[in-house]
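Visitor: Model the structure of this input:
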Amino acid sequence: MKKGSILAIIVIAVCIALVTGTYSSSGTYCAFKEARATKAQVHIIGQLDKSKPLVYDPVKDANLFSFFVIDKSGQECQVSYTGTKPQDFERSEQIVLSGRMEGQVFHATTILMKCPSKYTQKKLKL
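Guide: So this is what the prediction gives:
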């Protein structure tokens, strides 16, 4: 074989490996019910249940934050996040959690928040 053919095969193999790795590591969006049925990493979209307490004691354990989320299907689940509590967490309109279920608790690895806009029509005066 020519050196160019071997190089082209190697480049194609690397591209296939990168595409496969990207899609296998990305989770799917689902509800808590589907998350309980799988061991894979998933994404949950929901809202903070403000009627339940937020458990975060930085003196006792600064890397443990626990709260309850209601997903889009209306199911509630306790969420445990290993990390510090995000700033203005209580003000979030929507939460996207990445992680997996372990028993009856969802263990989040990342939290993305959609917070209310500070720029509203009432404040904008042109």
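Visitor: now the strands for this protein?
Guide: All strands of the chain, identified by DSSP state E, fall at 28-30, 42-48, 65-71, 76-81, 94-102, 105-114.
Visitor: Nearest approach to S5 belongs to which of these?
Guide: Taking C-beta to C-beta, strand 28-30 is the member of these nearest to S5, at 38.0 Å. Quick note: C-beta positions are derived from backbone N, CA and C, even for glycine.
Visitor: pLDDT below threshold where in the protein?
Guide: The model of the chain has pLDDT under 70 over residues 1, 19-27, 117-126.
Visitor: go with 90
Guide: Residue ranges of the chain with pLDDT under 90: 1-29, 35, 38-40, 56-63, 82-93, 114-126.
Visitor: if we can go back for a sec, now tabulate the strands of the chain in TSV and tack on mean neighbour count and distance to D88.
Guide: Listed next are these as TSV, based on neighbours: other C-beta atoms under 10 Å; distance: least, C-beta to C-beta, whole Å:
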stretch	mean neighbour count	distance to D88
strand 28-30	14	24
strand 42-48	19	11
strand 65-71	20	14
strand 76-81	18	15
strand 94-102	18	12
strand 105-114	16	8
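Visitor: Nearest to I12 among those would be which one?
Guide: The nearest among the strands of the chain, by C-beta to C-beta, is strand 28-30 at 27.4 Å.
Visitor: Please tell me how far that closest one is from the chain's geometric centre.
Guide: 10 Å (C-alpha atoms, centre = their mean, to the nearest Å).
Visitor: Please name every helix or strand in contact with it.
Guide: On a contact count with 3 or more C-beta pairs under 8 Å, 6 or more residues apart in numbering; DSSP states H and E, strand 28-30 meets strand 42-48.
Visitor: Much appreciated, bye for now.
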